[in-house]
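*Asks:* Just need the structure, nothing else, for what follows:
(2 chains)
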Amino acid sequence: MEKFSYIGKDMKRIDATCKATGEALFTADLALPRMLVGKALRSPHAHARILAIDTTQAEKLPGVKAIVTAKDTDGDKWGVFKYTQDQQFLPTEKVRYVGEEVAGVAAVDEDTALEALSLIAVTYEVLPAVYTIEDALAPGAPQLHDVYPNNINVHVVIDVGDVKKGFTESFLVREDTFTAPEDAYFQGEPYAVAAQFDHSGNLEIWMPNAGPHLKAKPLSNVLKIPLNKVRVRKITIGGAFGGRSEISPADVICALLAKKAQRPVKIVYTREENTVCTRQAHAMITQIKTGVDKEGRVVARDITCHMDGGAYSSTGPIATSVPFLCMEQAYRMENVRYNGYRILTNKPIRGMFRTHGRGFACGVDIQLDMLGEALGINPLTMRLRNARQTGDLTPTKSYVASCGLTETIEKTGKMSRWAEKFGKLPPYHGIGIGCNSVQTGFPMGIRGGSQAFIKLNEDGGVTVITGIVDNGQGNDHMIVQIAAEELGLTPDDVQLISADTEVTPSDPGSYSMCETFIGGNAVRLAALDVKKKLFRIVAEEFGVGEGELSAKNRKIFITKDPQQSMSIAKAVRMALTRNESISGEGSYWPKVDWKREWVKNPYGQLSETFSFGTVICEVKVDPETGQVEVLEVTASQDVGHALNPKVVEGQFEGGVAMGGQGGMLTEYLQWHEGRVLTPTQLGYLVPLAIDMPKINDIIVETNDPKGPYGAKEAGMSVAMSAAQAYCGAISNAVGVYFHEYPITPDKILKAIEEKKRETEKSNP
Amino acid sequence: MNEMKKAAITLNVNNETHDIVAYPNRTLLEVLRDDLHLTGTKESCGEGVCGSCTVLVDGTPVRSCLTLAIAVQGKEITTIEGLSVGEKLHPVQEAFVNHHAIQCGFCSPGMILTSYALLAENPNPTEKEIRRAISGNVCRCTGYAKIVEAVKSLTEEGK
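*Replies:* From the prediction side, this is the model:
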């Protein structure tokens, strides 16, 4: 008998059909009776004092049903952490970026709402602004907030071993600076929110979110209503990619408008608003100094990174830490110092993104290539020599319970024929490699764990109730697959109620890649609880021990004598007539060090387990145009155990597109001072089907001791390692190591030109 | 306020006739979504770049966000809701489901309709032809690999 019925099998996702027919409802598709159109008035200034807001004319416009400004709020400041409470959703004193919300309008239609916005008169006193990290840190620079002197929002210091001694003992030391501008999430679905209050003061609210409970608590705080009155509802979500986890000003404005108008209100963002007024990815300047021994092993590393955080903290302490943490997980480094600074500027707010720290990770990796070249060691060997191993402790003291990084490097190298290609390709052809690692959940305070319930029906079917959210990656299917597997049911027997804060228990959300590991474990434990209760009944009936039973094909049977069986439906009916509870509960609280804190104490177990991945990329560069043609990409990751391999492959392929093809070739935001010049697809180039190379997927399974069926997370590290591999490949093709990302044709042509000039100089 | 006069517009959508009264500047996308409640057609960019709002007009994929509703009277309009027959999915939809070509699903209606139109015109496209045909439809999740596989599975070569 096969070990698993569904785990590890290619299965059609339960949500695919309704998405193929157009039946799946996204937030913008909602139409509630008497619903109004909501719009936000936004600041045209990067930094200005609000002297007055006059809504008189707008209120007189027929069809306008409600207008909200800061006067309708308590003026409280919100933040992810107690020490980062700095954002008012409708500011009372100052606006700090172009696009910040100043007022909200609800009207009978869009035209009326837009006209009303134009009738709101805001008097501003324009203040000097800062648009770059350098300007923000300059002496006498305008200050964004009183509480962050010199515009330094967060400073993370990590210091492990003896860095100074490490450099002294190194055979070779290099120091380089790497930079990357801001990039955009560009989720398919523009942000939208719909809200309504009933007469008992219950708020129902829908929006694309990366965690309904992450949204509900701040809404409860800001609106000053109990948590059980905030009902964040389940809705189909068109992508998150690290965003959409935090409360948005639009959520609050929409709720305030709905309350004031006593009618449902829906706000749908334009593409431009989605780019500018949700979150962007940080721009970064990263200085990396690395010392290696003769064999290329890293002896010491000192990294200083300045991140442009935009106008507010958002998830600042996390964002400032994670690029370093991913690298300390992926590569061994005993003596290491990290200084991470998040700097505030008068630009839109930056958050955690799927390829957060592309410039950082590419810097660490390409510097390994440079050091390797000087030592005569090829990039793949450099990575093998520095790769993290199972049983290691990371510098910040996380135990690594399972690690297949070496296997991913070896298998990727073999499939991409690295040994035959590296150093042997024709001119302007290149091959590069990148490795990365991500977490499966951070210490997230009270919401760090997940709970799940399972209810049984008399026909043997079940309903799983969990706070897990699906942003498009396939979490809904993962839940059903686990419950069906554990209970011996088919996926059709499992109904799902998820991501609805009225009924589903606490869950961290689809954040920090934790839903499979933490949420999946909770669902599995709930199913085990149900199974135990059912087995007790069947064991008694058959006169055997509970341990002698198995569940499969909707039956519970004696493992050694499968003919002796009882249908699950019958076992449920017996339980009902015996007045025995057979509902299940599961709860999973990951073993992380809860004393670990991003700034105050960045040491201790960060995540219970980590995933590891390698990407190798082969490119051809056109020296006349600077265009890069990507010939082939091989992506691999240690996912623990692939619960649904095709879903895992889809995550790899999407990761290559976003991190490699987009992140390293075309994606970056262009600016005029604090204004985004390329907020839409006409200017911000996301990869198209015709751009994408052939992708080979290699799934590596280390069967994590604590993951559900050994699973960790699917594909996140690929997005990052793809960026690194693209960077390595282009550098290899051109014969110049790139320090500025993304590597656009102008940079390539400039590099080729400079290289020619240098060659001519040395060989006159 | 809107000074324009509303016009009577007759649209044939998914083989049904709809008579509506709307401003002549209303896009087909707005009318489909707001007046006919056919919300399977999505808006993502609103400027004719991303392909999320793709519908078929007389079998040809068009951007409904750039098409005026009044301009497509008398034509056959097909939206994603018009592809399946009762519970039965159209083979293109089925291929997308079976080949994991759908993740978040926001681009899927447009992507499926574009693929449908490609296969109607050219039942055996090469991979390059598939990629070129769907390059007016942006997908942020999949990297397109499984979408191309899905379409290829419907060609002679892929069967």
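
*Asks:* Quick one: mean pLDDT for stretch B:29-38?
*Replies:* Here stretch B:29-38 scores 98 as its mean pLDDT.

*Asks:* need the longest helix for chain A.
*Replies:* What stands out as the longest helix in chain A, according to DSSP state H, is helix A:520-542.

*Asks:* by contact count, what packs against the following helix or strand past that one?
*Replies:* Downstream of helix A:520-542, the next assigned helix or strand under DSSP states H and E is strand A:549-552. Other elements packing on strand A:549-552 under the criterion 3 or more Cβ pairs under 8 Å, 6 or more residues apart in numbering or on different chains; DSSP states H and E are helix A:520-542, strand A:555-558. Using the backbone N, CA and C atoms, a C-beta is placed for each residue, glycine as well.

*Asks:* Point out the one among the ones you listed that comes closest to residue A:160.
*Replies:* For residue A:160, the closest of the helices and strands packed on strand A:549-552 is helix A:520-542, at 30.3 Å, according to Cβ to Cβ.

*Asks:* Restrict that closest one to CA atoms and write it as PDB.
*Replies:* Below are the C-alpha coordinates for helix A:520-542, written out as PDB (Å, rounded to 0.1, in the frame of the first residue of the first chain):
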ATOM      1  CA  GLY A 520      -0.600  23.200   7.800                       C
ATOM      2  CA  ASN A 521       0.700  21.600  11.000                       C
ATOM      3  CA  ALA A 522      -2.300  23.000  12.900                       C
ATOM      4  CA  VAL A 523      -4.700  21.500  10.300                       C
ATOM      5  CA  ARG A 524      -2.900  18.200  10.500                       C
ATOM      6  CA  LEU A 525      -3.100  18.200  14.300                       C
ATOM      7  CA  ALA A 526      -6.800  18.900  14.100                       C
ATOM      8  CA  ALA A 527      -7.300  16.000  11.800                       C
ATOM      9  CA  LEU A 528      -5.200  13.700  14.100                       C
ATOM     10  CA  ASP A 529      -7.500  14.800  16.900                       C
ATOM     11  CA  VAL A 530     -10.600  13.800  14.900                       C
ATOM     12  CA  LYS A 531      -9.000  10.600  13.900                       C
ATOM     13  CA  LYS A 532      -8.100   9.600  17.400                       C
ATOM     14  CA  LYS A 533     -11.700  10.100  18.500                       C
ATOM     15  CA  LEU A 534     -13.000   8.100  15.600                       C
ATOM     16  CA  PHE A 535     -10.400   5.300  16.100                       C
ATOM     17  CA  ARG A 536     -11.500   5.000  19.800                       C
ATOM     18  CA  ILE A 537     -15.000   4.100  18.600                       C
ATOM     19  CA  VAL A 538     -13.900   1.700  15.900                       C
ATOM     20  CA  ALA A 539     -11.300   0.100  18.100                       C
ATOM     21  CA  GLU A 540     -13.900  -0.600  20.800                       C
ATOM     22  CA  GLU A 541     -16.200  -2.100  18.100                       C
ATOM     23  CA  PHE A 542     -13.500  -4.400  16.700                       C
END
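
*Asks:* Pull out the buried residues from the helix or strand harbouring residue A:759.
*Replies:* Element membership of residue A:759 [criterion: DSSP H and E] is helix A:745-762. Across helix A:745-762, burial judged by 16 or more other Cβ atoms under 10 Å in any protein chain shown covers A:747-749, A:751-752.

*Asks:* any idea of the mean pLDDT for that helix?
*Replies:* Mean predicted lDDT for helix A:745-762 stands at 95.

*Asks:* chain center to that helix, what's the gap?
*Replies:* Mean-position distance between helix A:745-762 and its chain equals 37 Å (Cα atoms, centre = their mean, to the nearest Å).

*Asks:* Just give the closest residue to residue A:71, not the sequence neighbours.
*Replies:* Spatially, and ignoring its direct neighbours in sequence, residue A:71 is nearest to residue A:53 (7.9 Å; Cβ to Cβ, 6 or more residues apart in numbering or on different chains).
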